[in-house]
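[1] Okay, predicted coordinates and the sequence, questions at the end:
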Amino acid sequence: MPHYDLIIRGGRVLDPETNLDTTADVAIKDGAIAAVGDVGSAADRVIDAAGLAVVPGFIDLHAHGQSLPADRMQAFDGVTTTLELEIGVMPVARWYDEQEAIGRTLNYGAAAGWVFARIATMTTQQTASTIGGMGEAMRDKRWVEEVATPAETAEIVERTKQALDQGGLGIAFPNAYAPGTGMKELSELCSLAAKQDVPTYTHIAYMSNVDPRSSVDAYTRLIGLAGSTGAHMHICHFNSTSLQDVERCAELVQTAQRQGLKVTTEAYPYGTGSTVVGAGFFADPAFCQRMGTGYDAIEMVAERHRLGSRDELLQRQQEDPGALVLIHFLDVAVNQRHRDLLDVSVLFPGGAIASDAMPWILANGTDYTGDAWPLPDDAVSHPRSSATFTKFLREWVLDRKAVSLPDGIAKCTLIPAQILETSTPAMRKKGRLQAGCDADIAVLDLEGLRDRADFLNMNRASEGVRHLLVNGASVISDGDLVRDARPGRAVRRPVLS
């Protein structure tokens, strides 16, 4: 009779791929699931999961935090794999080496950071491979506003190819931050993605309720790239880029999917976004008309201060373009119509849930990457950095029953795994609860599952994740953080030698 490292006994086991939903045991050996069913063997440790749900750990395709405190907050949100795919990194090999040296709580990975290839090619700036670094690089706007020359385009494509060859999980395309990019450059990069059979992760070029350069325009461009190059075009944060035109955008995407084009989506369950204040779309003189908001919809995260005018915005962009802001684009607290619009993206058939989790910063505006737990009182981010998955499950699945529990779990696990697994074999063993899969597992108290973070208290950890295992090692045990746990492993495409 085999002896296991751990057995999770008597929980409600849900596997979204096989539609398993039954009371069973899960046995773990050497970081992998060894058996699912009636396991009568002994183990070094046993978790009593009676009355609890045992599900695959959540896979977050869109997480900018990539640090110890970010990992810990996401662990209490049920996340076991956290990926930086929208902005990406560069050089990819160095980033993976740095993460391994630091030691990560959760599994981690990143895409090839196209914008960093643009910054390096078109300017003389040296910038950190982070969302804040991208914001700082907006001091020289040539990479933001201008079409690359043929020679520059060739260099950008080559830098991006090198990043893919180093194991990048596809190409990150935050097009809205470089709206001046020409279609020749974009099409060549999409053809590169198609040739290497990797996804692109796109923040669409335009976010606006009105033409020209509307969200509808941008989604039509994205779908056109999928059709003309054969690339898999993954849409980042479908909710915040579609704004109040999400119903029409959803129709366009579904039509493209019915035609067999490789277009996929993700969304987070909030009506407020977050980015850097230096983003060019804020400076558009027609910002209020295009976004359907005033400048007071832009809130400085560190200071908790809402902007009062375009002049103040431009001043902030000059002083500290990498500073994080919130952008309140839907008023879901009081407006039923806005809640209905959010539903379109969150409940999009076959769409993933992804957080767009932001870095944690202190009141003085500096990044927080320290070891304090709980996080310092003045550590702020966006509630989605703490509570995306628990909020989705609590509100849309358990309370409103807008989607079944198995289907809701799939949007957090299997669907994101399938978006990546064609090009990244490691993902074929994630997002499932089956023998041979990685032991990335969340044990949930569904009755007690709730998001606690809000816009006044961003750093409150979610409740209801009783146990969280990453590669078979406990990160959360009996509802408490295991502070010294660093079992996270790299999720990476095979590296070309």
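    Ah, there it is. Numbering: from 1, shown residues only.

[2] State the helix or strand in which the closest residue to residue 128 other than its chain neighbours lies.
    Nearest-residue entry for residue 128: residue 136, 7.5 Å, with adjacent residues in sequence omitted and distances by Cβ to Cβ, 6 or more residues apart in numbering. C-beta: built from backbone N, CA, C; applies to glycine. Per DSSP states H and E, residue 136 falls inside helix 131-136.

[3] hmm, who's touching that helix?
    Residues from elsewhere that reach helix 131-136 (Cβ atoms under 8 Å, 6 or more residues apart in numbering): 64, 87, 115-116, 119, 125, 127-128, 174, 177, 275-279, 321-324, 358-359, 367.

[4] Check for me that residue 411 belongs to a helix.
    Yes. Assessed by DSSP: H, G, I helix; E, B strand; the rest coil, residue 411 belongs to a helix.

[5] Need the nearest residue in space to the spatially most central residue of the chain, chain neighbours excluded.
    Centroid check for the chain by Cα atoms, centre = their mean gives residue 62 as the closest residue, at 1.3 Å. In this structure, residue 62 finds its nearest non-sequential neighbour in residue 354, 3.9 Å apart by Cβ to Cβ, 6+ apart.

[6] Please give me every residue in contact with that neighbour.
    Residue 354 neighbours (Cβ under 8 Å, 6+ apart): 60, 61, 62, 63, 236, 237, 266, 267, 268, 388, 416.

[7] Tell me which entries of these lie within helices.
    Counted as lying in helices by DSSP state H, out of the contacts of residue 354, are 388, 416.

[8] out of the contacts of residue 354, who has the most neighbours?
    The most crowded member of these, judged by other Cβ atoms under 10 Å, is residue 388 (32 neighbours).

[9] residue boundaries of the helices in the stretch 151-300 of the chain?
    183-196, 215-229, 238-242, 246-258, 280-283, 287-291 (DSSP state H, counting those that start in this stretch).

[10] tell me which residues in the fourth one are buried?
    Read that as helix 246-258. 246, 249, 250, 252, 253, 256, 257 (16 or more other Cβ atoms under 10 Å).

[11] quick check: angle from it to helix 215-229?
    10 degrees (axes from the mean of the first three to the mean of the last three Cα atoms, to 10 degrees).

[12] count of residues packed around the spatially closest residue to residue 464 that is not a sequence neighbour?
    Sequence neighbours aside, residue 449 is the residue nearest to residue 464 in space, at 3.1 Å (criterion: Cβ to Cβ, 6+ apart). Look at residue 449: counted by other Cβ under 10 Å, it has 21 neighbours.

[13] picking up where we left off before, pull the distance from the helix holding residue 136 to the chain's centre.
    Distance of helix 131-136 from the chain centroid (Cα atoms, centre = their mean, to the nearest Å) equals 17 Å.

[14] ok, the residue nearest to residue 62 to residue 176 distance?
    As judged by Cβ to Cβ, to the nearest Å, residue 354 and residue 176 stand 17 Å apart.

[15] what's the answer for residue 421, then?
    27 Å.

[16] Distance check, the closest residue to residue 139 other than its chain neighbours against residue 29.
    The shortest distance from residue 139 to any non-neighbouring residue, by Cβ to Cβ, 6+ apart, is to residue 321 (6.2 Å). For residue 321, the distance to residue 29 equals 50 Å [Cβ to Cβ].

[17] One more: residue 127?
    44 Å.

[18] any chance you could map the helices in the stretch 351-497 of the chain?
    384-391, 405-412, 414-421.

[19] so who does residue 290 touch?
    Contacts of residue 290 by Cβ under 8 Å, 6+ apart are 207, 208, 209, 210, 213, 214, 281, 284.

[20] can you list these in JSON lines and add pLDDT, neighbour count and distance to residue 317?
    Listed next are those as JSON lines, based on pLDDT from 0 to 100; neighbours: other Cβ atoms under 10 Å; distance: Cβ to Cβ, whole Å:
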{"residue": "207", "pLDDT": "90", "neighbour count": "24", "distance to residue 317": "17"}
{"residue": "208", "pLDDT": "89", "neighbour count": "23", "distance to residue 317": "19"}
{"residue": "209", "pLDDT": "91", "neighbour count": "17", "distance to residue 317": "22"}
{"residue": "210", "pLDDT": "94", "neighbour count": "15", "distance to residue 317": "23"}
{"residue": "213", "pLDDT": "94", "neighbour count": "17", "distance to residue 317": "20"}
{"residue": "214", "pLDDT": "95", "neighbour count": "19", "distance to residue 317": "23"}
{"residue": "281", "pLDDT": "92", "neighbour count": "18", "distance to residue 317": "11"}
{"residue": "284", "pLDDT": "92", "neighbour count": "17", "distance to residue 317": "12"}
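
[21] Any chance of a markdown table for the residues you listed, columns distance to residue 147?
    Putting those into a markdown table (distance: Cβ to Cβ, whole Å) gives the following:
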| residue | distance to residue 147 |
| --- | --- |
| 207 | 21 |
| 208 | 21 |
| 209 | 26 |
| 210 | 24 |
| 213 | 16 |
| 214 | 21 |
| 281 | 18 |
| 284 | 19 |
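
[22] Nearest to residue 183 among those residues?
    Residue 183 has its nearest neighbour among the contacts of residue 290 in residue 213, at 13.6 Å by Cβ to Cβ.

[23] Go ahead and confirm the residue nearest to the centre of the chain touches residue 358.
    No. The criterion here is Cβ atoms under 8 Å, and residue 62 misses it with residue 358 at 10.5 Å.

[24] returning to that earlier point: pull out the buried residues from the contacts of helix 131-136.
    Applying 16+ other Cβ under 10 Å to those flags 64, 87, 115-116, 119, 125, 127, 174, 177, 275-279, 321-324, 358-359, 367 as buried.

[25] Out of those residues, which sit inside strands?
    Residues of those located in strands (DSSP state E): 87, 174, 275, 276, 324.

[26] How about the fourth one, nearest residue that isn't a chain neighbour?
    Once its chain neighbours are removed from consideration, residue 276 has its nearest residue in residue 135; the separation is 3.1 Å (Cβ to Cβ, 6+ apart).

[27] per-residue confidence for the one you found?
    Note on residue 135: pLDDT of 95.

[28] Could you tell me how far it is located from residue 392?
    Counting by Cβ to Cβ, the gap from residue 135 to residue 392 is 28 Å.

[29] ok, these two, which is more surrounded?
    residue 392 (27 against 24).

[30] Nearest spatial neighbour of the more buried one, chain-adjacent residues omitted?
    residue 269 (4.7 Å).

[31] That neighbour: neighbouring residues, count only.
    That count, for residue 269 with other Cβ under 10 Å as the rule, works out to 26.

[32] wouldn't it be in contact with residue 393 here?
    No. If you go by Cβ under 8 Å, residue 269 and residue 393 don't touch, sitting 9.6 Å apart.

[33] doesn't residue 28 make contact with residue 2?
    No. Counting by Cβ under 8 Å, residue 2 does not reach residue 28; the two are 11.4 Å apart.
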